[in-house]
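**Q** predicted model and sequence follow; I will ask about them next.
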Amino acid sequence: MRRLTSLSLLVGTSVMLSMSACHKDGGGLFGKKKQSSSATGWNYNDQKMGGFSVAKNVAQQTGPGLVFVQGGTFAMGATEQDVMGDWNNIPRRITVSSFYIDESEVANVHYREYLYWLNRMYGESFPDVYRNALPDTLVWRSELAYNEPLVEYYFRHPAYNDYPVVGVSWKQATDYCKWRSNRVNEKLLMDKGLLSKADVGNQSDDNTFDTKSYMAGLYEGTPGKLSKSAKDQFKNADGTPRNAQFEDGIMLPNYRLPTEAEWEYAALGYIGENPGPSKKEGKHGEELIMNKQVYSWGTNTSGLRDIRRGTMQGQFLANFKRGSGDNMGVAGGLNDRASIPGPIRSFYPNTFGIYNMSGNVAEWVLDVYRPLNPIDGEDFNYFRGNKFQTVYQNENKEYEKDSLGHLKMRDVTDEESANRLNYQKGDVINYLDGDSLSQVEYGYGITTLINDKSHVIKGGSWNDRAYWLSPGTRRYMQEDMATNTVGFRCAMDRVGSPEGNKFKTGNLFKKQRQKR
């Protein structure tokens, strides 16, 4: 095994298993003129001066399927009366960093692409990998309903290609996110000539591309055709070729499930009211927060129907169950035109341009569920579910990959965390709720159905009443369970300016002239 030398992995060893990043256009050398360090004066990207490679400052481009969500502060929690009496989403103000999220839910065709890849890579040696990823199509069955056509056809028939995948557990959804991250980064490296497209046909079992294994030097692949400048850039100090690293600005952060706070913030769309056909300027974020909107499509309408003049006036803005026995209305005047989930880009998008954050299917998020989020808890990027990990090293201090080609990781121990100022345990899922500090105990299966494998579900579905369409509502389900009303979408970290590309970070003022 080769030893990991990448600074990018060594710096970020304490990470969650599901977190990482992704990027669409690569970096490169600064121009012909040598750039030098403002700290030491040594040249960057100069083999004669050590060969320290520094990529040109490049903006993070939007990965496939994603939209940019500018972060900010908002009141996370219920906006409607708690008719269920759960009291599990008391409003509190938090800040969410900028991030990316899928424009729409993951569709059947996307998930079938994933299954095809798994079968092609692992089907012969590890058939269980493919079988364990299959969605549960039996979620459509009911004791008193004839749903066998949906069991047989919903996932596989091309008529349902663009419909959201359902019957997927939280564990299956997180595995899909990791696969998607690797496929996107692999293509970015191919586009830059660092890997050859011919190499795809040679992969199988432990010789499959994994971003972390690649950066650790455990996957080399077949090099593609590099330009002269790229050949100069991707050299070690001794002149030998090297793999790309995250510092080169080519690969993107990982796809992952959004946190509950991110999902709710993206659903509310506090970027400004959608002005609609009038083309007038929308309201600013502060006013939108004060208005306490109920649904994801903003404050241009407080109800469930489109109130703008035009052909769509009076039409339902989301796919939901209007009442008992009414999933789509009366023939000749169907209200939402969908008795089951509809296509992923149907119904009214919110001001971020995101579809179906209210209705169609409810969605998994990353968080572990607890009845109450601590009022005095973290108010910046709030998230419950951290189980910190680091890269595994064998007795020779070398990194290894598993039989599927993934870089081996291990859980951070409490002994390693004991002397830290910011956390003292490797597993902090129970922090302030279920641990010794909180004096709370969860007797799963005895007094509660909540445990550390219960994950939050957000958004209403095609079979839910309008109450559940509000982004502040929340439910939960075990991570290995699935239903015909729950799907998912992916998110990605944002690096760089929180306002997006072509914007600077911080308020930049001119220097004052020094007095003599």
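**A** Thanks, I have the structure now.

**Q** secondary structure class for Arg131?
**A** With DSSP: H, G, I helix; E, B strand; the rest coil as the basis, Arg131 sits in helix.

**Q** let me redo that: Leu150
**A** Of the three states, Leu150 takes helix under three-state DSSP.

**Q** tell me the confidence at it?
**A** Per-residue pLDDT puts Leu150 at 97.

**Q** go ahead and confirm it touches Trp140.
**A** Yes. Contact criterion C-beta atoms under 8 Å: Leu150 and Trp140 qualify, at 4.0 Å. The way it works is simple: take the backbone N, C-alpha and C, and place the C-beta from them, glycine included.

**Q** how many residues are close by the residue nearest to Ile90 when sequence neighbours are not counted?
**A** Setting aside the residues directly before and after it, Ile90 is nearest to Gly77 in space (C-beta to C-beta, 6 or more residues apart in numbering), at 5.5 Å. Using other C-beta atoms under 10 Å, Gly77 is surrounded by 19 other residues.

**Q** with Asn88 instead?
**A** If we define neighbours as other C-beta under 10 Å, then Asn88 has 19 of them.

**Q** who's in contact with the nearest residue to it once chain neighbours are set aside?
**A** Spatial nearest neighbour of Asn88, excluding adjacent residues (C-beta to C-beta, 6+ apart): Pro371 at 4.8 Å. Going by C-beta atoms under 8 Å, 6 or more residues apart in numbering, Pro371 touches Asp86, Trp87, Asn88, Ile450.

**Q** joint contacts of Leu150 and Trp140?
**A** With C-beta under 8 Å, 6+ apart, Leu150 and Trp140 have common neighbours Asn484.

**Q** any chance you could map the strands in the chain?
**A** Secondary structure of the chain (DSSP state E): strands at 66-69, 72-76, 92-96, 99-102, 255-256, 329-330, 333-334, 362-368, 389-391, 409-411, 454-458, 474-478, 486-487, 491-493.

**Q** listing partners with orientation, what would you give for the longest one?
**A** Here strand 362-368 is paired, per DSSP bridges, with strand 454-458 (antiparallel), strand 486-487 (parallel).

**Q** what do you get for the fourth one?
**A** Its sheet considered, strand 99-102 pairs with strand 66-69 (antiparallel), strand 491-493 (antiparallel) by DSSP bridges.

**Q** among these, show me which one is buried the most.
**A** strand 491-493 (a mean of 24; mean count of other C-beta atoms under 10 Å).

**Q** mind listing what's buried in stretch 337-354?
**A** 338, 340-344, 346-352, 354 (16 or more other C-beta atoms under 10 Å).

**Q** circling back: could you point out which of the strands paired with strand 362-368 sits nearest Gln389?
**A** Closest of these to Gln389 is strand 454-458, at 18.0 Å (criterion: C-beta to C-beta).

**Q** how far does that closest one sit from its chain's centre?
**A** Remark: strand 454-458 is offset 15 Å from the chain centroid, using C-alpha atoms, centre = their mean, to the nearest Å.

**Q** got the contact list for it?
**A** Outside strand 454-458, the residues touching it (C-beta under 8 Å, 6+ apart) are 170, 260, 263-264, 267, 362-369, 385, 471, 473-479, 486.

**Q** pull out the buried members of the residues you listed.
**A** For those, buried by 16+ other C-beta under 10 Å: 170, 260, 263-264, 267, 362-369, 385, 471, 473-479, 486.

**Q** that older thread, test my guess that the residue nearest to Ile90 contacts Arg93.
**A** No. Look at Gly77 against Arg93 with C-beta under 8 Å: they stay out of range, at 9.3 Å.

**Q** would you mind measuring the gap between the ends of stretch 44-52?
**A** 6 Å (C-alpha to C-alpha, to the nearest Å).

**Q** and stretch 446-465, by the same measure?
**A** 30 Å.

**Q** all helices of the stretch 401-516 of the chain, in order?
**A** 414-417 (DSSP state H, counting those that start in this stretch).

**Q** for the stretch 1-150 of the chain, give me the ranges with low pLDDT.
**A** For the stretch 1-150 of the chain, the stretches with pLDDT under 70 are 1-33, 85.

**Q** distance between the ends of stretch 328-341?
**A** End-to-end distance (C-alpha to C-alpha), stretch 328-341: 11 Å.

**Q** give the rounded mean pLDDT of that stretch.
**A** Rounded mean pLDDT across stretch 328-341 is 87.

**Q** for stretch 248-259, same thing?
**A** For stretch 248-259, the mean confidence score works out to 96.

**Q** same thing with stretch 400-409?
**A** 96.

**Q** from the contacts of Pro371, which single one is nearest Lys235?
**A** Closest to Lys235, out of all of these and judged by C-beta to C-beta, is Ile450, at 53.7 Å.

**Q** residues touching the residue nearest to Ile90, list them.
**A** Applying C-beta under 8 Å, 6+ apart, the residues near Gly77 are Asn89, Ile90, Pro91, Arg92, Gly472.

**Q** cool, Ser98 as well?
**A** Phe68, Val69, Gln70, Gly71, Arg494, Pro498, Glu499, Gly500.

**Q** most neighbours, which of these?
**A** Val69 (25 neighbours).

**Q** isn't that one up against Trp263?
**A** No. Using C-beta under 8 Å, Val69 makes no contact with Trp263, being 10.1 Å away.

**Q** mutual contacts of the two, please.
**A** Ile101.

**Q** what's the closest of the strands paired with strand 99-102 to Ile307?
**A** That would be strand 66-69 among the strands paired with strand 99-102, by C-beta to C-beta, at 25.1 Å.

**Q** would JSON lines of the strands paired with strand 99-102 with distance to Asn43 be doable?
**A** Below are those laid out as JSON lines (distance: least, C-beta to C-beta, whole Å):
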{"stretch": "strand 66-69", "distance to Asn43": "35"}
{"stretch": "strand 491-493", "distance to Asn43": "31"}
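
**Q** for Ser417, which of these is the nearest?
**A** So among these, strand 491-493 is nearest, using C-beta to C-beta, at 22.8 Å.

**Q** who's in contact with the closest one?
**A** With C-beta under 8 Å, 6+ apart, strand 491-493 has contacts from 19-22, 63, 66, 99-102, 252-259, 262-263.

**Q** and if you look at stretch 434-452?
**A** Everything outside stretch 434-452 that qualifies as a contact, by C-beta under 8 Å, 6+ apart, is Val368, Tyr369, Arg370, Pro371, Ile429, Asn430, Tyr431, Leu432, Asp433, Tyr476.

**Q** end-to-end on it?
**A** 9 Å.

**Q** list the buried ones in it?
**A** Neighbour-count burial for stretch 434-452 [16+ other C-beta under 10 Å]: Gly434, Tyr442, Ile450, Asn451, Asp452.

**Q** what segments of the stretch 51-200 of the chain are helices?
**A** So, for the stretch 51-200 of the chain - with DSSP H, counting those that start in this stretch - the helices run 108-122, 127-133, 148-153, 170-191.

**Q** would you mind listing where the stretch 251-400 of the chain has pLDDT under the threshold?
**A** 272-292, 298-302, 374-376.

**Q** picking that back up, buried deepest among the helices of the stretch 51-200 of the chain, which one?
**A** It is helix 170-191: most buried of those by mean count of other C-beta under 10 Å, with a mean of 22.

**Q** what about the spatially closest residue to Asp402 that is not a sequence neighbour, neighbour count?
**A** Leaving aside its sequence neighbours, Asp402 sits nearest to Lys408 (C-beta to C-beta, 6+ apart; 5.6 Å). By the criterion of other C-beta under 10 Å, Lys408 has 16 neighbours.
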